[in-house]
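A.B. asks: Here's my sequence, what's the structure:
(4 chains)
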There are 2 protein chains.
Amino acid sequence: MTCSMNYAPQLRAQGLRMTPQRKAILHALHHSGGHLSPTQVYELARKEFSSLTEPTVYRTLEYLAEKKFLLAAHVGNGKIVYELAQNQHHHLICHQCGGTVQVEHAPLELLYRQLESSTGYKLDSSHVTFFGLCSDCQS
Amino acid sequence: MTCSMNYAPQLRAQGLRMTPQRKAILHALHHSGGHLSPTQVYELARKEFSSLTEPTVYRTLEYLAEKKFLLAAHVGNGKIVYELAQNQHHHLICHQCGGTVQVEHAPLELLYRQLESSTGYKLDSSHVTFFGLCSDCQS
DNA sequence: TATGCTATTGTAAAAAGTTGCAATAAGGAA
DNA sequence: TTCCTTATTGCAACTTTTTACAATAGCATA
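C.D. replies: Numbers count the residues shown, from 1 in each chain, chains lettered A, B, ... in the order given. Alright, predicted model coming up:
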């Protein structure tokens, strides 16, 4: 748990507290490098802080995502995965082989502007996942 | 259950069977007019066919969505809702008041083409939900 | 360093969603 | 109409996710 990343100041800046539970959860996400389901976060983070409980994991993930420290993404059928909100991006998933490609947020910006002007809404986030067949699976 | 809609031929055209369970589920979705969560579908459809069970509802919704009879959409935090696949559209949700606006699929087509050429994937569906503040809640 | 406010957690129980497998019944063919 | 194939369902057990509320512990302040 001697992790180089220190999220405490960022959390406090928004009135959130740093707890060993959150440290373990962020640590798990940081070192996995990718997306983790709540269950995976629970399993990994428990190695850092063994008395961690499921409700805490679910609540923390949802709350930190709401506060923009994490991104929640959908992977097929309604499953949700989380990752650190380092760089905003989306996913393109092959529903044959499961292969995933990251889609930068930039190409969506134009769409954002269009929607804002046509609806009057002020957009600030989105859950976007695209599905299709990757080049290998198209044959 | 004397519903004007008759999905049986469409189902059979794809090798699917029409059962009283499916009839009740489609009926519920048809008459609700909007999005329903699996639980809501279960409750409503049970009024038409009381011996309906949860596993059947979940499996049927997922399967019919896969076969394009239904659309699965995400409404915040990982919850999933289903609706009849009449017209392909997405949602823009105000996370203050919960107000929802339908977003046509057309404006996303350009993005689809861009992604296809940059990734080599052949897109065929997406889970897209935008979040923001509606004009009323921006003050 | 000690104090107090309140954000955060654990507990326990319920609700929601999933799985494997044997039994049932749609609906095409005889 | 009857038979046959196999898609679909129910059952039962299990895993995942959520909720309410009391107890705990960050951390700002003095």
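A.B. asks: Need phi/psi at residue A:63.
C.D. replies: phi -70, psi -50 (degrees, to the nearest 10).
A.B. asks: from the chain's centre, how far out does stretch A:22-33 sit?
C.D. replies: Centre-to-centre, stretch A:22-33 and its host chain are 12 Å apart (C-alpha atoms, centre = their mean, to the nearest Å).
A.B. asks: same deal with stretch A:132-139?
C.D. replies: Relative to where its chain is centred, stretch A:132-139 has its mean C-alpha point 26 Å off (C-alpha atoms, centre = their mean).
A.B. asks: what's the span of that stretch, first residue to last?
C.D. replies: With C-alpha to C-alpha, to the nearest Å as the measure, stretch A:132-139 spans 13 Å from end to end.
A.B. asks: The strand ranked longest in chain A close to chain B?
C.D. replies: Longest strand in chain A by number of residues (criterion: DSSP state E): strand A:122-133. Yes: using C-beta under 8 Å from any C-beta of the partner chain, we find that strand A:122-133 touches chain B at A:122, A:123, A:124, A:125, A:126, A:127, A:128, A:129, A:130, A:131, A:132, A:133. Quick note: C-beta positions are derived from backbone N, CA and C, even for glycine.
A.B. asks: Neighbours of the first one, how many?
C.D. replies: As a burial measure, the neighbour count of residue A:122 was computed by other C-beta atoms under 10 Å in any protein chain shown and equals 14.
A.B. asks: Who does it form a beta bridge with?
C.D. replies: Counting by DSSP bridges, residue A:122 is bridged to residue B:133.
A.B. asks: Show the contacting residues for it.
C.D. replies: A:116, B:132, B:133, B:138 (C-beta atoms under 8 Å, 6 or more residues apart in numbering or on different chains).
A.B. asks: Residue A:125 - nearest residue in space that isn't next to it in sequence?
C.D. replies: Nearest residue to residue A:125 in three dimensions, chain neighbours excluded: residue B:131, at 4.7 Å (C-beta to C-beta, 6 or more residues apart in numbering or on different chains).
A.B. asks: Correct me if wrong: that neighbour contacts residue A:124.
C.D. replies: Yes: with contacts counted by C-beta atoms under 8 Å, residue B:131 reaches residue A:124, the gap being 6.4 Å.
A.B. asks: on that earlier part again, closest one of the residues of strand A:122-133 next to chain B to residue B:8?
C.D. replies: Within the residues of strand A:122-133 next to chain B, the smallest distance to residue B:8 is 27.8 Å, found for residue A:131 (C-beta to C-beta).
A.B. asks: Pull the contacting residues for that closest one.
C.D. replies: Counted by C-beta under 8 Å, 6+ apart, residue A:131 has contacts A:76, A:92, A:93, A:94, A:95, B:123, B:124, B:125, B:126, B:127.
A.B. asks: Those, buried ones only, as a PyMOL selection?
C.D. replies: This is the PyMOL syntax for the buried subset of the contacts of residue A:131, where burial follows 16 or more other C-beta atoms under 10 Å in any protein chain shown:
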select buried, (chain A and resi 92+93+94+95) or (chain B and resi 123+125+126+127)
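A.B. asks: Quick check: pLDDT value at the closest residue to residue A:94 other than its chain neighbours.
C.D. replies: Distances taken as C-beta to C-beta, 6+ apart place residue A:134 nearest to residue A:94, at 3.9 Å, with adjacent residues excluded. At residue A:134, the pLDDT value in this model is 90.
A.B. asks: got the residue ranges for the helices in chain A?
C.D. replies: In chain A, the helices defined using DSSP state H lie at A:8-13, A:20-32, A:38-48, A:54-66, A:106-119.
A.B. asks: among these, which is nearest chain B?
C.D. replies: helix A:106-119 (5.3 Å; C-beta to the nearest C-beta).
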